[in-house]
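Participant: got a sequence here, can you model it:
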Amino acid sequence: MNTLAANRRTALLAAGVAMGMIGLAYASVPLYRLFCQVTGFGGTPMVAAATAAAPRPIPGTSIRVRFDGNVQRGMSWTFRPAETFVDLPLGERRMAFYHAHNSSDAPVTGVATFNVSPAAAGRYFVKIQCFCFNEQTLEPGQTVAMPVVYYVDPAILDDPEARRIEEITLSYSFFPVAEPTQPAGVRATGMAAIAAGQRQGRR
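Facilitator: This is a model prediction of the structure:
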């Protein structure tokens, strides 16, 4: 009887510890996401400031970047990349677009999670600007082009684990947001500014 009671106490204690760890994980999601963006941990792309100088492209090098996009089941959006893949020199800054459409009769706000694979490439895939940094709201029937500015750091060639990588997949998944924190116009203006700024920089 005492053994049974002791086993029950141990099971309850273990369950309590597990629940506490889950709660701590949820509470620290923003910090964990920031850590991943800074370190490239777990295939999370690195994030650089828009004003930061990108490395010089290396002629004669090429890596394929493949794009993938999806939405959580039940979310009334379609979301897909404008192009399936591109081949680019290491260090060359590029802008890619994803197209999103709200097929419902009500505004829908979403936020994107993202990662790259293989995971070893995460610390070398650098995003400068991205729609995934903020919530995105689409009005009923609205379609938008969402840009992301990125490059692959030539330092990947110095990494024994990553230098043989020939293809990197950038994947986004959109999830609905029940309580948006910003007006839709702010987000729409932000996406337009990213695209306009990059086009102006190419002139």
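Participant: distance between the ends of stretch 158-167?
Facilitator: 17 Å (CA to CA, to the nearest Å).
Participant: quick check: buried residues in it?
Facilitator: 162, 165 (16 or more other CB atoms under 10 Å). Every C-beta, even on glycine, is put in place using the N, C-alpha and C of the backbone.
Participant: again, but for stretch 79-88
Facilitator: Buried residues in stretch 79-88, defined by neighbour count with 16+ other CB under 10 Å: 79-81, 88.
Participant: go on, stretch 117-129?
Facilitator: In stretch 117-129, counting by 16+ other CB under 10 Å, buried: 117, 120-129.
Participant: related to what we said a few turns ago, so of the buried residues of stretch 79-88, which ones are in strands?
Facilitator: Those of these mapping onto strands are 79-81, 88, per DSSP state E.
Participant: circling back: of the buried residues of stretch 117-129, which pair is most distant in space?
Facilitator: By the measure CB to CB, these have their two most distant members at Ala120 and Gln129, which lie 24.1 Å apart.
Participant: so what sits opposite Pro81 in the bridge?
Facilitator: Judged by DSSP bridges, the bridge partners of Pro81 are Tyr98.
Participant: which residues touch it?
Facilitator: By CB atoms under 8 Å, 6 or more residues apart in numbering, the contact set of Pro81 is 67-69, 96-99.
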